[in-house]
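Q: Structure for this input, please:
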Amino acid sequence: MPRVVVVGGGWAGCAAALAARRAGAEVILLERTDMLLGTGLVGGIMRNNGRFTAAEEMIAMGGGELFALCDRVARHRHVDFPGHRHAWLYDVARIEPLVRQTLAEAGVVIHFLGRVTAVKTAGESIEAVVTEGGRAYYGSVFIDATGTAGPPANCRRYGNGCAMCIYRCPAFGGRVGLAALAGVKEYAALKRGGGRGALSGSCKLHKGSLAPWLAAELEEKGVVVLPLPRDWPDKKELLQRKACQQYALNEYADNIVLLDTGHAKLMAPFFPLEALRRVPGLENARFEDPYAGGSGNSVRFLAMAPRDDALKVQGLNNVFCAGEKAGPFVGHTEAIVTGTLAGHNAVRFLTGRSPLILPSTLACGDIIKYTRLQVEKGDGLYQRFTFSGSLYFERMQALGLYTTDREVISNRVADLAGIFSVPLLGRK
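A: Residues are numbered from 1 along each chain as shown. Below you'll find the model as predicted:
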């Protein structure tokens, strides 16, 4: 049976592996750490703003299994917080085992501690990837879902040093890009005024370190907004450094915004601990991830691959990409969308079919095309693209793509209904 090898087990890699397996291929998923989901282990926000539309488009197209898993372990549903409506917050402690079980039951073979450090090529194709221990994994087509953060040297160069975050580079080795190993020149996001990359968008506080009244309110409502003192230093500059520009709003400069994802999710890339403890209810606050959340967070968007709208990497014949590797996309929904398309197209490649390019009449298709065009123009290097806010959500609304009406979404999907659930190869 033709084999698809997926490198990187974050949301994008898991989505790619599941989509390729559902399409009928043998699938191996290589993850450099000991857990799946990457930032999904500390994320937790789904279905806010235009992410609802995108998730429902994917469900209508037969690519909704991972969204269904997040819905199953949601701690809160239909939560509104500054700039965002109808969010669902999944439990970050329960989701990873559920995804792992789902992939295993689908027949995806997962290898943990499988950090890829080399490739074997033939012309402009990859024949095999080689892990740090020297083991080679051969395949017919490969998917680069290695992300864009790490190793620690990049966080020192472009940020405030290693913040000991969920990527855990010191323990499991830094990220190595598959496309880059094969000779593709990757590109980095840029900062206005100079510099590269962007800081991850949030910190996690240990819920037990909150005042009991605050922890109780957070668990009951799912969100708590705590006003900062009027004499507080301006935090707007900090917000501009975030990867998640959908949260770069005045409300996040004037308040502490906490979400309940199991942890108490603090919607800021970092926050000085002594200053944080001046806020009522946070007098004993302690960071859960990153442990150095008082001074910095992980730097992302340093290693993206040029690709087309089918998510095939330019310059390589048999490599697709997904998640942040496919461009400055922000969020789990965006990773699942691109991962699902990359996994499906990998199998179409195996069968000699033309790749699937999602139409711009769908939000999922429009964001992939629009992001590529913006990056190629150069403007996109300074921007982040997400269904949930900022530049792209504004575009969704202007184009009439944003809706929470499932019937409208179903009609919009039309002939693509169920396409990601149709086997393209026979299985043993």
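
Q: Just the strands from the stretch 151-300 of the chain, written as ranges.
A: Assigned by DSSP state E, counting those that start in this stretch, the stretch 151-300 of the chain shows strands spanning 198-199, 203-205, 223-227, 255-260, 264-266, 287-289, 299-300.

Q: With respect to burial, which of those strands scores highest?
A: strand 299-300 (a mean of 31; mean count of other Cβ atoms under 10 Å). Just so you know, the C-beta spots here come from the backbone N, C-alpha and C atoms, and that holds for glycine as well.

Q: next SSE after it?
A: Of the helices and strands lying after strand 299-300 in sequence (DSSP states H and E), the nearest is strand 319-321.

Q: on contacts alone, who are the packing partners of that next one?
A: Contact partners of strand 319-321 among helices and strands, from 3 or more Cβ pairs under 8 Å, 6 or more residues apart in numbering; DSSP states H and E: strand 141-144, helix 178-181, helix 332-351.

Q: Kindly reformat the ones you listed as JSON lines containing mean neighbour count and mean pLDDT.
A: Output for the helices and strands packed on strand 319-321, formatted as JSON lines (neighbours: other Cβ atoms under 10 Å; pLDDT from 0 to 100):
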{"stretch": "strand 141-144", "mean neighbour count": "32", "mean pLDDT": "98"}
{"stretch": "helix 178-181", "mean neighbour count": "23", "mean pLDDT": "96"}
{"stretch": "helix 332-351", "mean neighbour count": "28", "mean pLDDT": "98"}
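
Q: Tabulate those (TSV), appending distance to residue 315.
A: Shown next, in TSV, are the helices and strands packed on strand 319-321 (distance: least, Cβ to Cβ, whole Å):
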stretch	distance to residue 315
strand 141-144	12
helix 178-181	8
helix 332-351	15
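
Q: who wins for proximity to residue 97 among those?
A: Closest to residue 97 of these, according to Cβ to Cβ: helix 332-351, at 16.7 Å.

Q: Put the alpha carbons of that closest one into PDB.
A: Output of helix 332-351 as PDB, limited to C-alpha atoms (Å, rounded to 0.1, in the frame of the first residue of the first chain):
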ATOM      1  CA  HIS A 332      -5.900  25.200  15.800                       C
ATOM      2  CA  THR A 333      -8.800  25.500  13.400                       C
ATOM      3  CA  GLU A 334      -6.500  26.900  10.800                       C
ATOM      4  CA  ALA A 335      -4.000  24.000  11.400                       C
ATOM      5  CA  ILE A 336      -6.800  21.400  11.100                       C
ATOM      6  CA  VAL A 337      -8.100  22.900   7.800                       C
ATOM      7  CA  THR A 338      -4.700  23.000   6.200                       C
ATOM      8  CA  GLY A 339      -3.700  19.600   7.600                       C
ATOM      9  CA  THR A 340      -6.800  17.900   6.300                       C
ATOM     10  CA  LEU A 341      -6.300  19.400   2.800                       C
ATOM     11  CA  ALA A 342      -2.600  18.400   2.800                       C
ATOM     12  CA  GLY A 343      -3.400  14.800   3.900                       C
ATOM     13  CA  HIS A 344      -6.100  14.400   1.300                       C
ATOM     14  CA  ASN A 345      -4.000  15.900  -1.500                       C
ATOM     15  CA  ALA A 346      -1.100  13.600  -0.600                       C
ATOM     16  CA  VAL A 347      -3.300  10.600  -1.400                       C
ATOM     17  CA  ARG A 348      -4.700  12.300  -4.600                       C
ATOM     18  CA  PHE A 349      -1.000  12.600  -5.600                       C
ATOM     19  CA  LEU A 350      -0.500   8.900  -5.000                       C
ATOM     20  CA  THR A 351      -3.500   8.000  -7.300                       C
END
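
Q: can you tell which of the helices and strands packed on strand 319-321 is closest to residue 251?
A: Among the helices and strands packed on strand 319-321, helix 332-351 sits nearest to residue 251 (Cβ to Cβ), with 21.9 Å.

Q: I'd like the next helix or strand past the closest one.
A: Heading C-terminal from helix 332-351 (DSSP H and E), you reach helix 363-377.
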